[in-house]
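Participant: My questions concern the predicted model and sequence given below.
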Amino acid sequence: MPVDSLVKITDINFAYDDRSILNGITMEIPRGKLIAIMGNSGCGKTTLLRLIGGQLKPTSGQLLVDGQSVPDMSHDELYAMRRRMGMLFQFGALFTDISVFDNVAYLMREHTDLPEEMIRDMVLMKLNAVGLRGAHNLMPSELSGGMARRVALARAIALDPMLIMYDEPFAGLDPISMGVIGQLIRKLNDALGATTLLVTHDVQEAMLIVDYVYFVSAGQIVAQGTPDEIRASDDPFVHQFVFGEADGPVHFHYPAEPFEQDLLRDSAHG
Amino acid sequence: MVEKSFSAVIALIRGIGHRLNTGLQRLGFAARFFVMLLVYSGQSFRRFHLTIREIYFSGFQSLLIILVSGLFIGMVLGMQGYETLQRYGSSEALGVLVALSLTRELGPVVAALLFASRAGSSITAEIGLMKATEQLTAMDMMAVNPIARVVAPRFWGGVISMPLLAALFSAVGVFGGYLIGVVFIGVDEGAFWSQMQGSVDFRFDVWNGVVKSFVFGVAVSLIAVFEGYDAVPTAEGVSASIKRTVVYSALAILALDFVLTSFMFRGL
C-alpha cells in the first residue's frame, strides 16, 4: 500500500459500555483509492464510519484523517473536517420536506455564500452526473429506492469532498440500480479525485469496482487484499462470505443451549 | 410466604427507585438540551426565515382550530354567564364576565392545550421521524448542527405563535359572547361593551394573560422539541413520544397556570 494515506487507523478499540464492537483495527486508506470494508451485519462496519466521521470516539487507538487526529478535534474542527467529507447513508436519509433540488443545494446554501444562480448550475451539474437532472422538481417521496440513493449520492458530492463514505449503498436495490450505483461510485471517485470508503456486505457488486478490500468479522480485520487476491483466498471466512455459504466460521445459529434442553424445559418459561 | 412478600416489597421499591432514577436522568438531559437550544438559537434569529416558516406551520396552521374553539367557548360563556347573572339582575355585566374569564384564564390555557395537541404533537412527530430516518445524523455529518437548524427554529416558532394565538382566541371568544349575549339574547349593547371597558385592566388582566401564554408557549414548545429529539428512533418510539408530548404539555400547562395565577392574583 502507498504511504500517503488520507485516513490512517491504528489499533482502534471501541465498546458500548461493556459490549466490545471493534478490537484492534488497523487500516490505511490511500488517497485517490476506492476501499471496501466488508463483513456480516453487526460486525462493526458502520461504527467504523462513525468513528472516522467523529460521531463516536474510540475507547483507545489512533485515528488520523488528513494528518489530524479525529478524537482530539474540537467541535469546530470536527465540523470543518466534515465539510470536506461526503457521506451516503444506508437509506439515503434525504430530507423529506424539501425537493430533490433543495436536497442537493442544501449544503451549498448552508456552507457557502454563493449566489442562487450559481447554486442552480452546480446542483443541475451534480444531478446530471447521477442522471437525475430531469427529476429535480420531484419530492423524495416520489422517488424509487434507486433514484433516492442517486439523489443522496449527488448530495454527498455537492461540495466536492476529499473523502466520500458510503454506508451500504447497495442495500435493498434491484440488480440494475445496483450496477448503476456501483459504476457511479467508481466514476465519481475518479472524476472528483476523491478517496472513497465503501462499507457493504454486497461482495459481488463491490468486488467489481474497488481497489482494495478489508474483511471485518466480530470487530477484527480477518482478511485483506485486492479483489483478485480475495477471490483466490483459501481463508475459510473469506470463502464463506464471498460464496455466500450458510454455515462456516460464521455460524447459522445464534448461540444457544442445546436444542433438546430447550424443548424439555418447563413451558412456563417461554 | 413471608419471604415471597418481602421480595415483592423489595421489587416494588426497586421499581420506584428505577423510575425515579430514569425520570431524574431525563430531566437532567432535558435541562442540558434546553441550555444547548438557547446557545444555538442565534441562527434561528440570524436566518429568521427558518423561524418564520415554523411560525407558519405551528401558528398559522393552528388558526382554524383556535378560532373555531374560541368562538364556541365564547358563545357558551355568553349563555352560561347570562343564565347566572340574570338571576341577580346584573346581566349587563355579561361583557365583563366573558372578557375576564377569557383574558385571564380560558384564553391562555385552552389555546395552549389546543396548541399542544395540534402543533406540539406534529413537531414531536416530525423531529422524531427525522431522527428515525437518520436525517438528523446526516445533517450532523454534513457539519450542520441539528439543534441550530431543526430544533431551535421550531422552538422559537412555537414560543412566538403561542401568545398571538391566545390573544386571537380571547378576541374571538369575546365576539362569541357578544353574539350570544347581545345579538341573540338582547343584553344592552352599550352596557356590554362599556362595563367590559371599565372593568378589564390592561396590565392586570390582559398583560398577565399574555405573560401566561408566553410561559405556556415556552413549556409546550420545549416539551415538543425535546420529546422529538429524544425519541427512540422506531415507530413505537415516536408514537410514545407524541403521547408524552400531549400528556406532559397538558399537565405542565395546568400546573404552571396554578403557579402563575397564585403569583399574579395574590393580592385578592
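Facilitator: Happy to help now that I have it.

Participant: Bridged to the closest residue to A:Glu77 other than its chain neighbours, which residues?
Facilitator: Excluding the flanking residues, the one nearest A:Glu77 by C-beta to C-beta, 6 or more residues apart in numbering or on different chains is A:Gln68, at 7.4 Å. Using the backbone N, CA and C atoms, a C-beta is placed for each residue, glycine as well. Beta-bridge pairing for A:Gln68 (DSSP bridges): A:Val65.

Participant: is it true that A:Gln68 touches A:Ala80?
Facilitator: No - the pair A:Gln68 / A:Ala80 is not scored as a contact, 9.6 Å apart, by C-beta atoms under 8 Å.

Participant: Over to A:Pro169: give its phi and psi.
Facilitator: With angles defined as degrees, to the nearest 10, A:Pro169 sits at phi -70, psi -20.

Participant: what pLDDT does it get?
Facilitator: The score at A:Pro169 is 87. That number is its pLDDT.

Participant: got a list of what it touches?
Facilitator: A:88, A:149, A:153, A:181, A:185, A:198, A:200 (C-beta atoms under 8 Å, 6 or more residues apart in numbering or on different chains).

Participant: and those, which of them are in helices?
Facilitator: Per DSSP state H, helices hold the following members of those: A:149, A:153, A:181, A:185.

Participant: Out of those residues, grab the one that's most surrounded.
Facilitator: A:Arg149 (28 neighbours; other C-beta atoms under 10 Å in any protein chain shown).

Participant: OK, contacts around that residue?
Facilitator: Shown in contact with A:Arg149 (C-beta under 8 Å, 6+ apart): A:88, A:92, A:169, A:173, A:177, A:181.

Participant: of those residues, closest to B:Phe204?
Facilitator: The nearest member of the contacts of A:Arg149 to B:Phe204, counting by C-beta to C-beta, is A:Gly92 at 55.8 Å.

Participant: which residue packs closest to that closest one, ignoring adjacent ones?
Facilitator: A:Ala152 is the one closest to A:Gly92 (C-beta to C-beta, 6+ apart), at 3.8 Å.

Participant: and the one you found, how many neighbours?
Facilitator: Neighbour tally, A:Ala152, other C-beta under 10 Å: 26.

Participant: okay but it is in contact with A:Thr96, surely?
Facilitator: No - between A:Ala152 and A:Thr96 there is no contact under C-beta under 8 Å: 12.0 Å.

Participant: thinking A:Leu51 is in contact with A:Pro58, fair?
Facilitator: Yes - A:Leu51 is within contact range of A:Pro58, at 5.6 Å (criterion: C-beta under 8 Å).

Participant: list residues touching both of those two?
Facilitator: A:12, A:14, A:22.

Participant: Could I get the full set of helices for the chain?
Facilitator: Going with chain A. Ranges of helices within chain A are A:45-52, A:75-82, A:100-111, A:116-129, A:145-156, A:175-192, A:203-209, A:227-232, A:236-242, A:259-264, based on DSSP H.

Participant: wrong chain, I was asking about chain B
Facilitator: Under DSSP H, chain B gives helices at B:2-39, B:42-46, B:48-54, B:63-85, B:94-100, B:107-115, B:121-132, B:135-141, B:146, B:152-178, B:189-199, B:208-229, B:235-264.

Participant: between these, which one is nearest to chain A?
Facilitator: Closest approach to chain A among the helices of chain B is made by helix B:135-141 (3.9 Å; C-beta to the nearest C-beta).

Participant: Which elements pack onto that closest one?
Facilitator: strand A:85-88, helix B:121-132, helix B:146 (3 or more C-beta pairs under 8 Å, 6 or more residues apart in numbering or on different chains; DSSP states H and E).

Participant: quick one on the thing from earlier: which of the shared contacts of A:Leu51 and A:Pro58 lies closest to B:Ile65?
Facilitator: Among the shared contacts of A:Leu51 and A:Pro58, and counting by C-beta to C-beta, the member closest to B:Ile65 is A:Phe14, at 48.6 Å.
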